[in-house]
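*Asks:* predicted model, plus sequence, below.
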Amino acid sequence: MRLNKYLALCGVGSRRKVEGFIFAGRVVCGGYQVTEPGYDVPDGEIVTVDDVEVRPERKIYMVIHKPRGYICAVSDRSYPVILDLLPREYDYYRLFPIGRLDLQSEGLLMLTNDGDFSQEMIHPRAGITKEYEVLLDRVPDEREIRQLREGTIFEGKRLHPVGVDFLRREPEGRWLRFVLNEGVKREIRLIAESAGLKVQVLFRRRIGRMELRHLKSGCAREYSADQLRRMIRHGGAV
């Protein structure tokens, strides 16, 4: 991104005003004074104006269809991260995932750079449930279904789904719907393992009443915070 555009996004001033700062030698990028408005700001580079670091002010709210093989992190040395799927223009906004889906899980996920919005979405007080479609390695019997519904205890914490029901989908009897009201890491996999079952596919279908229906795997779409709140509370498809 051009330096003059970057500074304008940071709220430093209009394009014309920030170019005046640049020409006056008041802008430093990566530790070096830059006097060219067309300088291409690399991803993650620290930019200062009059020795004060500046960052883009624009708040971003997105949904993404997370595919398998990506982790919900900002960076990682071993695996590709969910942010790798976004256009490079979003590198400047320091986005992060709201909640998580593990490496082999897929489905609906939100991204933002607004910490207050993230807390609003994940706080237990919000009461936002999440719905998952899960393929097991085999058909569970009645005892195992009862175990799945009762949950398990892991590291002293009770893992208890809101609901577990069968889905009408082939292979019959192996697809289940799980509804959770909190996001303990690998919760569904841990509950399944406690019943002697293994998860082969884990797909998050809904966050609240917002349903993943149209977005293809690996694709993302930007919304306003109010649009996401409305879909989560009252229903909507993405």
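*Replies:* Looks like it arrived, so ask away.
*Asks:* where do the helices sit along the chain?
*Replies:* For the chain, applying DSSP state H gives helices covering 3-9, 15-23, 115-122, 142-150, 187-194, 225-234.
*Asks:* figure out which of these is closest to residue 107.
*Replies:* Closest of the helices of the chain to residue 107 is helix 187-194, at 11.8 Å (criterion: Cβ to Cβ). The way it works is simple: take the backbone N, C-alpha and C, and place the C-beta from them, glycine included.
*Asks:* quick one: that closest one to chain centroid distance?
*Replies:* Relative to its parent chain, helix 187-194 has a centroid offset of 22 Å by Cα atoms, centre = their mean, to the nearest Å.
*Asks:* okay, the angle between it and helix 142-150?
*Replies:* 150 degrees (axes from the mean of the first three to the mean of the last three Cα atoms, to 10 degrees).
*Asks:* okay, residue 110 and residue 185: tell me how far apart.
*Replies:* Distance, residue 110 to residue 185, using Cβ to Cβ, to the nearest Å: 17 Å.
*Asks:* these two: which is more packed in?
*Replies:* Applying other Cβ atoms under 10 Å to residue 110 and residue 185 shows that residue 110 carries more neighbours, namely 22 against 9.
*Asks:* so what's the more buried one closest to, chain neighbours aside?
*Replies:* Distances taken as Cβ to Cβ, 6 or more residues apart in numbering put residue 98 closest to residue 110, at 4.3 Å, once the chain neighbours are dropped.
*Asks:* how far away is the one you found from residue 183?
*Replies:* Taking Cβ to Cβ, one finds residue 98 at 10 Å from residue 183.
*Asks:* ok, these two, which is more surrounded?
*Replies:* Shown here are residue 98 and residue 183; by other Cβ under 10 Å, residue 98 has more neighbours (23 against 13).
*Asks:* contact partners for the more buried one?
*Replies:* By Cβ atoms under 8 Å, 6 or more residues apart in numbering, the contact set of residue 98 is 109-112, 117-118, 121-122.
*Asks:* what does the top strand by length along the chain rub up against?
*Replies:* Using DSSP state E, we find that the single longest strand of the chain is strand 199-207. By Cβ under 8 Å, 6+ apart, the residues outside strand 199-207 that reach it are 66, 101-102, 104-110, 121, 128-137, 177, 188-189, 192, 211-212, 232.
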